[in-house]
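A.B. asks: attaching a predicted model along with its sequence, questions to come.
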Amino acid sequence: MNPSANGVAPPSDGDALRRYYRLHAPLYDATRWSFLFGRTGLVTLARQRQPGVRRILEIGCGTGKNLESIARAFPEAEIRGLDLSAEMLEQAGKRVRPLGDRVRLLHQAYDHPVGGGEGPFDLVVLSYCLTMINPGYDRVLATCRQDLSPEGLLAIVDFHDSPVHAFRKWMGVNHVRMEGQIQMTLRAQGWRPEFEKVSPAYGGLWRWLTYLGRI
């Protein structure tokens, strides 16, 4: 489905997202707790299913809230946090500074594998990131396959869908497309799910997806 065909979710290029987060970065953590559900639970699930993790990548790490949780859950791991927004990474830098050099931040789009000479990742995390990459979320997932180790784990929490057109349209104004496209793309690309759950929020106003899977 074309994300702009029904007027719900217009395309969100990198420049549009940078402008959006330039405004939202200072207030992000204070305003998102009430609807970005499942982030802490995702890290707990990943820890249960992927012991002995040495290298972790979080795509769309934002202000670093998840990086803190990931660092606590995997105290021996080397962690990379990637984000397109300099303002969000500025917030993340302050948050992860006490963690030392085992957490490094990358300011770039995720348009190619980033493991490079350091090797693949045992865990790749995406938290409320993919639904904002329109177009391109499918390419991000495809690139994750190249960055994961053969036994690596992909962990996702994100918006899923909503039966309320007005709400989907409002979320589209905020660069979020929620038409079940993430789950459909994971299946189409042949990811093997280990945990997959769609949960309702606020009486069914929308639903959110928790997913852990492997190549």
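C.D. replies: On my side now, so go ahead. Keep in mind that this is a model prediction, so the values were computed, not measured. Residues are numbered from 1 along each chain as shown.

A.B. asks: point to the residue nearest the middle of this protein.
C.D. replies: With distances taken as Cα atoms, centre = their mean, the chain has L126 as the residue nearest its mean C-alpha position (2.3 Å).

A.B. asks: tell me the first helix or strand C-terminal of the longest strand along the chain.
C.D. replies: Taking DSSP state E as the criterion, the chain has its longest strand at strand 148-161. Counting by DSSP states H and E, the element after strand 148-161 in chain order, helix or strand, is helix 165-173.

A.B. asks: averaged pLDDT, that following helix. What do you get?
C.D. replies: Along helix 165-173, the predicted confidence averages to a pLDDT of 94.

A.B. asks: tell me what it is packed against?
C.D. replies: For helix 165-173, not one helix or strand is in contact under the criterion 3 or more Cβ pairs under 8 Å, 6 or more residues apart in numbering; DSSP states H and E. For every residue, glycine as well, the C-beta is placed using N, CA and C.

A.B. asks: which residues of the protein score low on pLDDT?
C.D. replies: Residues of the chain that meet the criterion pLDDT under 70 lie in 1-14, 16-33.

A.B. asks: in this protein, which spans are strands?
C.D. replies: Here the chain has its strands, by DSSP E, at 55-59, 78-83, 103-107, 121-127, 148-161, 192-201, 206-214.

A.B. asks: how about the ones you listed in TSV, adding distance to R97?
C.D. replies: Putting these into TSV (distance: least, Cβ to Cβ, whole Å) gives the following:
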stretch	distance to R97
strand 55-59	17
strand 78-83	12
strand 103-107	9
strand 121-127	20
strand 148-161	24
strand 192-201	32
strand 206-214	29
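
A.B. asks: out of those strands, the one nearest K65 is which?
C.D. replies: strand 121-127 (8.6 Å; Cβ to Cβ).

A.B. asks: the closest one: how far from the chain's middle?
C.D. replies: When C-alpha coordinates are averaged (Cα atoms, centre = their mean, to the nearest Å), strand 121-127 and its chain have centres 9 Å apart.
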